[in-house]
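# this is the structure alone, sequence omitted:
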């Protein structure tokens, strides 16, 4: 007999349906990732276990004894038998049909296809960092769809599977679920869909969306308009994300900060949103002294409307089904049936759509809900029993439980374990519900009474600002996250570690040892990571920030906390983080060598977080979009824009900057220019610092380098910021003229441009230069005696 004290679940909870939910979920999961026949095996095993439970063949003590145990045995046994059979048919048969869909063969060959489809969700923008003349932002979107008709080379293909369309944002961004259309493009294999269709043109034959989808989009548009009218750009983007999961208007920097802080779940609609809306509705109806049935009916209608408003996301559907079951339990008088409701939601949704079994969002939502039901309530009860006020106990237990059970999935997704997530969620939690309710009210009234919508959005401003600041400061904590293996294996590894720790903590002899180890890590490892010994190094004069595939160089002045910044990289968050780590708060001048995205894309992060005196540019005004953005951002921050040209000299205490180039000025204000032309218009600067002379070259290529050599410009420097991320367009004669002792290549890890070029690096090494790369060394600092300090922890490849 298995030991009752170790394995018996709490008698408070109804566990009958939990094993059946596991069988259904595992059959869909394994059938998609491995093969359909594994779903058959799991279904048969589940049904067999059910028969064993019914026949009392399993020697489990807590399934024997009193009437409740016998009732539990019957319910568990029959649910396993039924769900095991359903896992075989229809789930396994549907997975077999998906695995052998004829369109998959054509996708494997990369053939061109013409599909008639029905969209199943809204197009989701795919953000990419800017580089060169390409502006940062979303140029592509992905949207899921169900195939109605398929043709390859003019021949029909009998496919009825699901596909993902990879489409341009133009012409596609405003489409809605339920719309039928035709699209032509190149097929590619998919993971959990039969194919991916890469579409280059606009959709054809678009059928209007259902009336209820158009009404929902009208409400979402009213929310975006009202928020944009009275809130800052970041808060205006956060409110729709918080309420309906719409992150299209949220700056990418904020998204990155929420992920790093472990609060990214706030940007997606989940059970928490429905719980907030449902509780608010129930409180209102109970205030009106309505009965349980009317309260349940009203909350059910609210729940249905919110699902339509937010869209049929896996986590939303999971929460909707669970909420519906919970309302039914309320009607029949079983208000505490949370665990069966969760199990039923898993069973119904995975049987309806086996693809949900591999959805990260679905997994996070189910695990978080299970953690709240099983762990948070127990932890709250334990803390209150020891004298902790209930409000404080719940505030600690809820984020801690949610973070513990979802950590394996998040680690598998992101390759990181957040060490600040619990604290960040604890701080953000008090304002989430008020902001969500206010945002929902904005969506409901903004289309009818715009002024009232804006007033309600304005009331949500403090809550939104607080959430952004919590995420920003949590993300900025050095060592706030640690690396972990990615993928399902990485998640499984962390799950095993957590299970082992939980089991060992139950043993009194081992508990003290585990607590001692944990305290040791807190006392030694975490402070060591947070304090980042040696950073910033004493007496630093120059730092090349690791901003991915781009440039950002900080030049120290003789005044602590004050520095000049040359270029801002492609990402606001990356350059802001570098400046924060250096303790720089005042920047008398931001110099933009040229207007390519990987040099100006981070300007907003600098202007928002630092005290900036002015922004300086060269003569180039192309690309037009970049020049417009620079002027707009500077004007918004009330920072003047100035112009630099060859021959100028700028001085601060401990720092002198000479403008050496460009020698030939491009005065075009409009039109098009090639990337090489814009690169050759880069400002070339020589900075004299406490650490010697540093040559900053922007992205100058062969023509601009030749101009400097022909004019007999003195290019000698102790440190060279290698032109154009170490590209092959760097002349040997130019490197010979500089004769650097140290060469710094600012480059992104895994970039698709082949930077730095091996020949360029070999020439620098042959000339005796010490070559440093931000993709390998992270932030690189040069001190007064030309010593080099590497911070490490380089950023990954650009998005």
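Ah, there it is. Keep in mind that what you see is a predicted model, and the values were worked out from it rather than measured.
# contact partners of the helix or strand hosting residue 84?
Assigned by DSSP states H and E, residue 84 belongs to helix 67-86. For helix 67-86, the surrounding residues in contact (Cβ atoms under 8 Å, 6 or more residues apart in numbering) are 11, 14-17, 19-21, 23-24, 42-54, 56, 62-64, 347, 351. In this view, the C-beta of every residue, glycine as well, is placed from N, C-alpha and C.
# quick one: average confidence on it?
Average pLDDT, helix 67-86: 81.
# coming back round to it: got a quick PyMOL command for the buried subset of the contacts of helix 67-86?
To isolate the buried ones among those in PyMOL, judged by 16 or more other Cβ atoms under 10 Å, type:
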select buried, resi 14+15+16+17+19+20+21+23+24+42+43+44+45+46+47+49+50+53+54+62+63+347+351
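# next step: the contacts of helix 67-86 restricted to strands.
Among the contacts of helix 67-86, no member falls in strands (DSSP state E).
# show me the contacts of helix 67-86 that map onto helices.
19-21, 23-24, 42-54, 347, 351 (DSSP state H).
# so which residues of the stretch 251-400 of the chain form helices?
With DSSP state H, counting those that start in this stretch as the criterion, the stretch 251-400 of the chain has helices at 252-261, 271-287, 292-310, 314-332, 338-352, 360-371, 377-385, 390-414.
# right, and the helix or strand after the last one?
Toward the C-terminus, helix 390-414 is succeeded by strand 416-418 as the next helix or strand (DSSP H and E).
# now the stretch 651-799 of the chain, which segments are flagged as low pLDDT?
666-671, 792-799 (pLDDT under 70).
# can you list the low-confidence ranges for the stretch 351-500 of the chain?
Applying pLDDT under 70 to the stretch 351-500 of the chain flags the ranges 478-481, 488.
# for residue 202, find the nearest of the helices of the stretch 251-400 of the chain.
Among the helices of the stretch 251-400 of the chain, the nearest to residue 202 by Cβ to Cβ is helix 252-261 (25.6 Å).
# and that closest one, which residues are buried?
252, 253, 254, 255, 256, 257, 258, 259, 260, 261.
# now the strands for the stretch 601-750 of the chain?
Counting by DSSP state E, counting those that start in this stretch, the segments of the stretch 601-750 of the chain that form strands are 611-612, 615-617, 641-643, 649-652, 655-661, 684-689, 692-696, 719-721, 742-745.
# residue 566 is nearest to which of these?
Closest approach to residue 566 among the strands of the stretch 601-750 of the chain is made by strand 692-696 (5.4 Å; Cβ to Cβ).
# just send the strands of the stretch 601-750 of the chain back as JSON lines, with distance to residue 628 and mean neighbour count too.
Output for the strands of the stretch 601-750 of the chain, formatted as JSON lines (distance: least, Cβ to Cβ, whole Å; neighbours: other Cβ atoms under 10 Å):
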{"stretch": "strand 611-612", "distance to residue 628": "19", "mean neighbour count": "17"}
{"stretch": "strand 615-617", "distance to residue 628": "12", "mean neighbour count": "23"}
{"stretch": "strand 641-643", "distance to residue 628": "12", "mean neighbour count": "12"}
{"stretch": "strand 649-652", "distance to residue 628": "26", "mean neighbour count": "14"}
{"stretch": "strand 655-661", "distance to residue 628": "24", "mean neighbour count": "21"}
{"stretch": "strand 684-689", "distance to residue 628": "24", "mean neighbour count": "23"}
{"stretch": "strand 692-696", "distance to residue 628": "25", "mean neighbour count": "23"}
{"stretch": "strand 719-721", "distance to residue 628": "27", "mean neighbour count": "27"}
{"stretch": "strand 742-745", "distance to residue 628": "30", "mean neighbour count": "26"}
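# partner strands of the lengthiest strand in the chain and their direction?
Looking across the chain with DSSP E, the single longest strand is strand 137-152. Strand 137-152 pairs in its sheet with strand 112-119 (antiparallel), strand 124-128 (antiparallel), strand 155-157 (antiparallel), strand 162-168 (antiparallel), by DSSP bridges.
# buried stuff in the first one?
What that stands for is strand 112-119. 113, 114, 115, 116, 117, 119.
# just the shortest one next, same as before
Of the residues in strand 155-157, those buried under the neighbour-count criterion (16+ other Cβ under 10 Å) are residue 157.
# hang on, the earlier thing: off-centre distance for the longest strand of the chain?
When C-alpha coordinates are averaged (Cα atoms, centre = their mean, to the nearest Å), strand 137-152 and its chain have centres 22 Å apart.
# ditto for stretch 43-52
Chain-centre distance of stretch 43-52: 40 Å, with Cα atoms, centre = their mean.
# quick one: contacts of that stretch?
19-20, 23, 27, 57-58, 76-88, 91-92.
# rerun that using 6 Å as the cut-off
Applying Cβ atoms under 6 Å, 6 or more residues apart in numbering, the contact partners of stretch 43-52 are 23, 27, 58, 77, 80, 81, 84, 85, 87, 88.
# now render those residues as TSV, adding distance to residue 569.
Formatted as TSV, these follow (distance: Cβ to Cβ, whole Å):
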residue	distance to residue 569
23	50
27	47
58	60
77	61
80	56
81	59
84	55
85	57
87	50
88	54
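# ChimeraX command to pick out the buried ones of those residues?
In ChimeraX, a selection of the buried entries from these looks like this (16+ other Cβ under 10 Å):
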select :23,27,77,80,81,84,87,88
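# so which of the contacts of stretch 43-52 is the closest to residue 711?
residue 27 (73.3 Å).
# check contacts around the closest one.
39, 42, 43, 87, 91.
# any idea which of these the model trusts least?
Minimum confidence in the contacts of residue 27 sits at residue 91, scoring 88.
# which residues sit in contact with it?
27, 39, 354.
# follow-up on the earlier one: for the helices of the stretch 251-400 of the chain, which one sits closest to residue 577?
helix 252-261 (9.5 Å).
# could you give the angle of the closest one to strand 124-128?
Taking axes from the mean of the first three to the mean of the last three Cα atoms, to 10 degrees, one finds helix 252-261 and strand 124-128 inclined to each other by 90 degrees.
# per-residue confidence averaged over helix 252-261?
Across helix 252-261, the per-residue pLDDT values average to 84.
# so what touches that helix?
127, 234, 264, 267, 420, 424, 471, 472, 474, 475, 572, 573.
# do I have it right that the fifth one meets residue 476?
No: with contacts counted by Cβ atoms under 6 Å, residue 420 stays clear of residue 476, the gap being 9.8 Å.
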